[in-house]
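K.L.:
I need the structure of the sequence given here:
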Amino acid sequence: MSAVEPINNAQSQSLAERRTRMPPIPADFSSVITNEQKIALNQKQQFGWFVKVVRRPLFQPIEVVLSNPDGSEFLMLENDGVTRPFFNVRTDDLR
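P.N.:
Sure, this is the predicted structure:
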């Protein structure tokens with residue numbers, strides 16, 4: 001047995017990833033967000049922003065994360081339609 005063995009990529013990913021694989025944006029997205037979020041999202045989409053991912057933390061409301069067209073900035077869309085900068089992004093996960 002050699003000291004350096006190739007890592008089984010599938011095995012290492014399954015150990016690191018504990019979450020179940022869900023689509024980044026749910027199929028029933030428009031029914032999950034509030035009317036204020038729909039209005040704010042429509043306004044942001046006119047400037048090229050789009051929904052990057054919908055985070056679903058356990059026992060908490062969903063979190064909608066928007067991205068600008070070039071993917072360099074992220075915004076959190078609050079339940080009341082207000083957007084704020086979002087920095088808690090692992091960019092490797094969003095590719």
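
K.L.:
Could you give the backbone dihedrals for Phe86?
P.N.:
When quoted as degrees, to the nearest 10, the phi and psi of Phe86 stand at phi -130, psi 120.

K.L.:
could you point out which element follows the helix or strand of the chain with the lowest mean pLDDT?
P.N.:
Lowest on mean pLDDT, DSSP states H and E among the helices and strands of the chain sits helix 9-16, with a mean of 51. Heading C-terminal from helix 9-16, the first helix or strand you meet, by DSSP states H and E, is helix 29-32.

K.L.:
okay, the longest helix that the chain contains in CSV with CA atoms only?
P.N.:
For the chain, the helix reaching the highest residue count under DSSP state H is reported as helix 35-45. The C-alpha coordinates for helix 35-45 follow below in CSV (Å, rounded to 0.1, in the frame of the first residue of the first chain):
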residue,chain,number,x,y,z
ASN,A,35,-45.9,39.7,-2.0
GLU,A,36,-43.3,42.2,-0.9
GLN,A,37,-40.6,39.9,-2.0
LYS,A,38,-42.3,39.4,-5.3
ILE,A,39,-42.4,43.2,-5.9
ALA,A,40,-38.8,43.7,-4.9
LEU,A,41,-37.6,40.7,-7.0
ASN,A,42,-39.4,42.1,-10.0
GLN,A,43,-37.7,45.5,-9.5
LYS,A,44,-34.2,43.8,-9.1
GLN,A,45,-34.8,41.6,-12.2
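
K.L.:
contacting residues around it?
P.N.:
Surrounding helix 35-45, the residues in contact under the criterion C-beta atoms under 8 Å, 6 or more residues apart in numbering are 30, 33, 51, 64, 66, 75, 77-83. C-betas here are computed from N, CA, C, even on glycine.

K.L.:
Flag every buried residue along the helix or strand following that helix.
P.N.:
Next helix or strand after helix 35-45 toward the C-terminus (DSSP H and E): strand 50-55. Residues of strand 50-55 classed as buried under the neighbour-count rule (16 or more other C-beta atoms under 10 Å) are 51-54.

K.L.:
Sheet partners, orientation included, of strand 50-55?
P.N.:
Strands that pair with strand 50-55, judged by DSSP bridges, come out as strand 63-67 (antiparallel).

K.L.:
Name the residues that touch the following helix or strand past the strand it pairs with?
P.N.:
Sequence-wise, the next helix or strand beyond strand 63-67 is strand 74-77, with elements assigned using DSSP H and E. Strand 74-77 has contacts (C-beta under 8 Å, 6+ apart) with 33, 37, 40-41, 44, 49, 52, 63-68, 83-87, 89.
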